[in-house]
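Colleague: I need the structure of the sequence given here:
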Amino acid sequence: FYLEKGFNIKEIATYSKFFGVFATILGGFIGGIFALNFGTMKALFIGALIAAGSNLLFALLAASDSSIKLLITVITADNISSGFAGAAFVIYLTGLTSIKFTATQYALFSSIMLFIPKLIAGYSGSWVDAMGYTNFFTLTALLGVPVLLLIIWISKVVPIKN
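Modeller: Residues are numbered from 1 along each chain as shown. Below you'll find the model as predicted:
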């Protein structure tokens, strides 16, 4: 995507891989602090919301002329939201595990969490070819809506230690 938008490999590596790591760590800290202050389920909801929202930024990038400032903004926002959502999800999974079986349960939960996204990711290139980047990123943002509804439902049904 980045190459097709006209960005060079040095720009992609610098902003996506180098600065992106620091943005992800920052997002993780923010997510952890948010969960500590406002609770696990609120952090999980906000994390899912901003992670889905960051895909709309990619749709904007796809629809816009190449701009290094927009690239930096999109990558930074995506990495911060990923870090935030990741921290919230780790806290949520930790609250679900039993102390007797923490390692096994956590390994199973985290593997199940990644199964469907990894399965779908294999077909993303075909989806992009069929609908274009802007529509693809908009669709992936909309896929966050059922996740948000699920979080609302789970917060009412499953007791989680905050």
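Colleague: For the lowest-mean-pLDDT helix or strand in the chain, C-alpha coordinates in PDB please.
Modeller: Within the chain, no helix or strand scores below helix 102-121, which has a mean of 78 by mean pLDDT, DSSP states H and E. Extracted C-alpha coordinates of helix 102-121, given in PDB (Å, rounded to 0.1, in the frame of the first residue of the first chain):
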ATOM      1  CA  THR A 102      -2.800 -18.900  33.900                       C
ATOM      2  CA  ALA A 103      -0.200 -19.800  31.400                       C
ATOM      3  CA  THR A 104      -2.300 -22.400  29.500                       C
ATOM      4  CA  GLN A 105      -5.400 -20.400  29.500                       C
ATOM      5  CA  TYR A 106      -3.700 -17.200  28.400                       C
ATOM      6  CA  ALA A 107      -1.900 -19.000  25.600                       C
ATOM      7  CA  LEU A 108      -5.200 -20.500  24.400                       C
ATOM      8  CA  PHE A 109      -7.100 -17.200  24.700                       C
ATOM      9  CA  SER A 110      -4.400 -15.200  22.800                       C
ATOM     10  CA  SER A 111      -4.100 -17.900  20.100                       C
ATOM     11  CA  ILE A 112      -7.900 -17.900  19.600                       C
ATOM     12  CA  MET A 113      -7.800 -14.100  19.500                       C
ATOM     13  CA  LEU A 114      -5.400 -14.100  16.600                       C
ATOM     14  CA  PHE A 115      -6.900 -17.000  14.600                       C
ATOM     15  CA  ILE A 116      -9.700 -15.200  12.700                       C
ATOM     16  CA  PRO A 117      -7.700 -12.000  11.900                       C
ATOM     17  CA  LYS A 118      -4.800 -14.100  10.500                       C
ATOM     18  CA  LEU A 119      -7.200 -16.200   8.500                       C
ATOM     19  CA  ILE A 120      -8.900 -13.200   7.000                       C
ATOM     20  CA  ALA A 121      -5.600 -11.400   6.400                       C
END
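Colleague: Could you list every helix and strand that the following helix or strand past it packs against?
Modeller: Once the chain leaves helix 102-121, the next helix or strand it forms, by DSSP states H and E, is helix 124-142. The contact analysis (3 or more C-beta pairs under 8 Å, 6 or more residues apart in numbering; DSSP states H and E) places helix 124-142 against helix 40-63. C-betas here are computed from N, CA, C, even on glycine.
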